[in-house]
Structure formats: C-alpha cells, structure tokens
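K.L.:
give me coordinates for this.
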Amino acid sequence: MGRLEDSQKQGHFSSGLNKNFEDKSQGSPKGSGEDSARTGRGRRWRGRRRHGKNSKGRSALNGPTIAKIPVPGGVESLPAVDGAATLVDSHAHIDAADYDGDRRKVLERALSQGVGIIIAVGSGLSSSRKSVDIANTFDGVFAAVGVHPHEVKSIAKKSVAPIKVLSENPKVVAIGEVGLDYHYRHSSQKLQKYWFREQIRLAVKVGKPVIVHCREADEDVHQILEEERVWRVGGVVHCFTGDAGVARKFLKLDLHLGASGPITFEKSGELREVFADIPLERLLVETDSPYLTPPPNRGKRNEPANTFQVAQKLAEIKGIGLEEVARTTTANVRRLFKIGPPPQTGKIAYSLAGKLYLNITNQCSNSCFFCGLLSDRVHRGYDLTLEAEPDAASILGAAGDPGDYDEVIFSGFGEPTLRIDELKEVAAELRRKGAKRIRLATNGLGSRVNNRNILPELRGLIDVISVSLQAESADSYDKVCKTKDIENPYSSVKDFIREAKAAFSEVEVTAVDMSGIIDIEACEKVARDELGVPFRRRTFTLTD
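P.N.:
The predicted structure follows:
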C-alpha cells in the first residue's frame, strides 16, 4: 500500500485512530445502494449543476521534522505534521454506489494526497446506514446521518427516530445532510421545511452539529436556522455558493461555511471574492464527492483525494500557504465535530503568511471577552498553551532564523510587555541575527504594569508598535476588556499611544469590529482625530 503503510506506522489521529482507513472487515461494505446518490438514480455526478519560506526541520516552528507527502504532477507538497495527514474532507458521499467497486482504493488515494479524515455524509435513511457501516469499517472515516431535502418525502408519515438511533453510534459526528433545495423540488417546500426543523431539533437533542444543504433557499434556510437557535450545536452550510451578504448572515449564527469544487471552477470569480473575505477560522474544505469535481476532471467522478485541490485553491484565494489552510481548517473540524489530530501544545513560535509570531507568555492584564484564545487557546491550528513561561534562550531557539520571515511579531496568548526583560533580550538578539522588521502587538498597559515608561527601552529594538484600543470611552473599555488590578486603564492606553507616537516612527491603533458591542467608527475617530495615528480594523471571528 506504499504511503498508506508508511502513515500507519507513524500513528494518526485522536479518538483511538491508529491506522487511518484501516479496513476492519474482509471487504468494503456493499450496502443496498438505495438512495446512495441522493435520489437513487445512480451516477448523477455527470454534468450536475450547482447553485449558485518556511523553516526547515525543528528550528523556526519549534516542532517535529515535517514529513512531506508526495503529490503527483510536481505541485506543492503538503506537510504531515506529527506524522499525521493534515486535511479533512468534511463532506463526501462515499456511500454512493459509484464507489462500491473500489472504495478502499479511493480512500488510499485520499490519504496519499494528505486527506487523513473523511466525513461520510448520509442523504437518506439507507444512505445514512451505509455511511455508518463505512465509518465503522475504516478508522479514518466518520459519519453524518440525516435526510436530504430531496428525500424527505420518503419520511412524510414517519419520524426521525431511525436517524436518532443511528446518531448514537460513536462514529457519527453530525446530523446531515439536511436543509432546503428549491431548485429540483423533489419534495414539496412544506415538507422540506418541516423535516428541516425536525432534524435541527434532533441535532440539539443529541448534541451534534448540523450539516446544511442550501440551494436557492437562502432566506428560508437562514430563518429556520435562526428560529431553531442552531448556535446551540453549531454546524456548517456545506458547499457554500452564496454572496457576501448571505455569508455574513450565516456566520452570525455561529456557522461554518464549506469550500468545495465550485471555488476551483473557471467562471467562479465572484465566489472566490466572497471566500477571500470569509475568516479562515470559519471555513471547512470538502469535495461533496462524487459530485462537483475540480478541473481538469469536471464531469468525472469526484473523490476525497481532490480535497487537496480545493485547499490549494483556497490558499491561493487567501494569499497564504497550503500548510496554513490545512492546519486551520483541520482545527475548525476538531472544534466543530470533536474529531481530528490534537494540536501540538506549547507553541512559542508560529508562522502565518510569511510572518513569525512569538508567544512569550500566557499572562495578560486584560480578559477581553472577544478573545477566542480564552477558550481553547488555539489560533489557526496552533495551541498557544505554555506549560511554563519560556526563558529568552527557549524563545530564541524556537524562533530560529528571523531572516526567513518578512516580520517578527511579539504576539500570542498573553501580553508580551508583562515579560519586558525577556522581550528586550530576544528582540536585541533577533535584531543582531538579521530580523527585517520587528513589531510589538500590545494592549498598551506595559508602562503601568512595569511601573515605568518602557518605551525608551524599546527604541532600536522594535520597529512598529500596534496598540489594541478596543473602545471609544473609559466605560466601554472597562466593559470590553475587563482589566485586572489597574485603575483608569483606558486613559493609560491613550497616554501610551501618545508617548509611542513621539518615540517611534510607526505606531498604529487597532480594534476588533463587533457590531453592536464595539463602536468601531468611534474607535477610529479617537485614533485618527484625537491621537493622530493610523487605525486598523480587525475582523472578529467566533471560534468556539
């Protein structure tokens, strides 16, 4: 089996997965084939139309040597971190009869392309049963169970009780594929809406997220999800092809959006623009196999191996590396479905978009309620939990060669100025080793917590200072940032910005854009008009 055998030797994901796609039976499950392609009409994927410099080895990333998964055709190879493939196909119909003759080979091809986990998504009762059988047969496969809007007419006088029974299987991680489809209308809108609600309620009852189908029904899907308070369990609108406004509405419901084949299609420029603005922390990658095959194989059977192409296109859209897309979307899967490889803990140095970030403390004088790190402390797939506060030598060892990066940024889980001595020592050495640009991202309270003006000490060490303001008034700051043991923190932050402006050529103020909570326009006015410094809005991303 080549690469599959190599990967099995190294060990894989959590949930007891030691050998991905290990066949636990004498053969792949055959199933009845009933509703295997959503409508039971066989191979419907033909022509189907839809709506709608990195460090080497250990040094700079402070992690294990990165094994490379070879990719045919000479395209970018995908790293396997900690011996585990890093991509997840979050939506594939591998129960379809199209795979009955070669299902194991399909899974092996997926692993050879770095796809270590596949969620087999049911589209009806028989399809869901078969998906569960497949998940129970192969370690690297999990299942979602539900009735697709095309098929709800088949349960019109029944109930979702059989789906509930299936959902109790430990390999079942979601209720889906459920939703509304007003394009084909194989089932009436009335039935679709009724069973969509019923299956959302089932998801809430069993405590599992939903996988949502939405085709030419954006308004009704959103209304039902909102009325049923889907945020209690979360979920994903799979194969998202809506516009930016629709994307924002779904994101506000604490939903993820699925990127699949359509983002790779030649005429999907507008869709790619939409995905460019969706936070990576809210995206999953998928194939929707056997449908929506990326070019140059459109019209042929799709496979989970093509998750690689979707992720590669998403990286291109975002202007970031493939590894970052893989690591972050896999972390998203872990948060949503509670499966996938655990992140390596204790990341002191981590790279994003050609920049090196240094996480030198887990302490902070603020407890900003928008800070996603207050939950699992995972950022873009990196676990920033430090077992102990690292000394300067450890930080420098993790950083490696700063010349490999466009910028080095002191920014992590905690507030770096709480460790001002280590910060200065590290910055000085990074400067000596050829760092091109060094930035300090701070809450602006460093002088208060250190009982002295720290800015003169940072001159010649730091090139840029970014200060998180977060509010337009002292009262708002207290509500948003919840500062500990410092009186009048807001005025201190503004004083720090004024003093930084006098001492440094590059100073900026930032704030997280949270409509209805933070008055971002008023924050910008304070920065530009009162303090006379540039202002940058940061996008708020709910991550749990």
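K.L.:
please make it C-alpha for all contacts and neighbour counts, starting now.
P.N.:
Fine.
K.L.:
and Asp383, what's its pLDDT?
P.N.:
Turning to Asp383, the model gives it a pLDDT of 86.
K.L.:
and what of the one 10 residues further on?
P.N.:
According to the per-residue confidence, Ala393 scores 97 in pLDDT.
K.L.:
now it: which helix or strand?
P.N.:
Using DSSP states H and E, the element containing Ala393 is helix 392-399.
K.L.:
so the nearest residue to Ile224 once chain neighbours are set aside, which state does it fall into?
P.N.:
For Ile224, ignoring the flanking residues on the chain, the nearest one in space by C-alpha to C-alpha, 6 or more residues apart in numbering is Arg197 at 6.8 Å. Using DSSP: H, G, I helix; E, B strand; the rest coil, the structure places Arg197 in helix.
K.L.:
count of neighbours near Arg197?
P.N.:
By the criterion of other C-alpha atoms under 10 Å, Arg197 has 18 neighbours.
K.L.:
coming back round to it: for the helix holding Ala393, packing partners?
P.N.:
Contact analysis of helix 392-399 by 3 or more C-alpha pairs under 8 Å, 6 or more residues apart in numbering; DSSP states H and E lists strand 349-352, strand 355-358, helix 420-432 as its packing neighbours.
K.L.:
got the buried residues for the first one?
P.N.:
Yep, that's strand 349-352 we're talking about. Using 16 or more other C-alpha atoms under 10 Å as the test for burial, strand 349-352 gives Ala349, Tyr350, Ser351.
K.L.:
using a markdown table, lay out the residues you listed together with distance to Ala311.
P.N.:
Below are these laid out as a markdown table (distance: C-alpha to C-alpha, whole Å):
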| residue | distance to Ala311 |
| --- | --- |
| Ala349 | 24 |
| Tyr350 | 20 |
| Ser351 | 18 |
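K.L.:
name the nearest of those residues relative to Gly261.
P.N.:
Taking C-alpha to C-alpha as the measure, Gly261 sits nearest to Ser351 out of these, at 27.8 Å.
K.L.:
do you know the pLDDT at the closest one?
P.N.:
91.
K.L.:
how close does it get to Gly414?
P.N.:
17 Å (C-alpha to C-alpha, to the nearest Å).
K.L.:
report how many residues lie close to Leu87.
P.N.:
For Leu87, the neighbour count with other C-alpha under 10 Å is 34.
K.L.:
for it, give me its contacts.
P.N.:
By C-alpha atoms under 8 Å, 6 or more residues apart in numbering, Leu87 lies in contact with Gly114, Val115, Gly116, Ile117, Thr307, Phe308, Ala326, Arg327, Thr329, Thr330.
K.L.:
please flag which of the residues you listed sit within strands.
P.N.:
If you go by DSSP state E, the contacts of Leu87 have Val115, Gly116, Ile117 in strands.
K.L.:
from memory Pro304 sits against Gly116, does it?
P.N.:
No - using C-alpha atoms under 8 Å, Pro304 makes no contact with Gly116, being 9.9 Å away.
K.L.:
now the common contact residues for the two.
P.N.:
With C-alpha under 8 Å, 6+ apart as the test, Pro304 and Gly116 both reach Ala110.
K.L.:
how long is stretch 86-102 from one end to the other?
P.N.:
From its first residue to its last, stretch 86-102 covers 24 Å (C-alpha to C-alpha).
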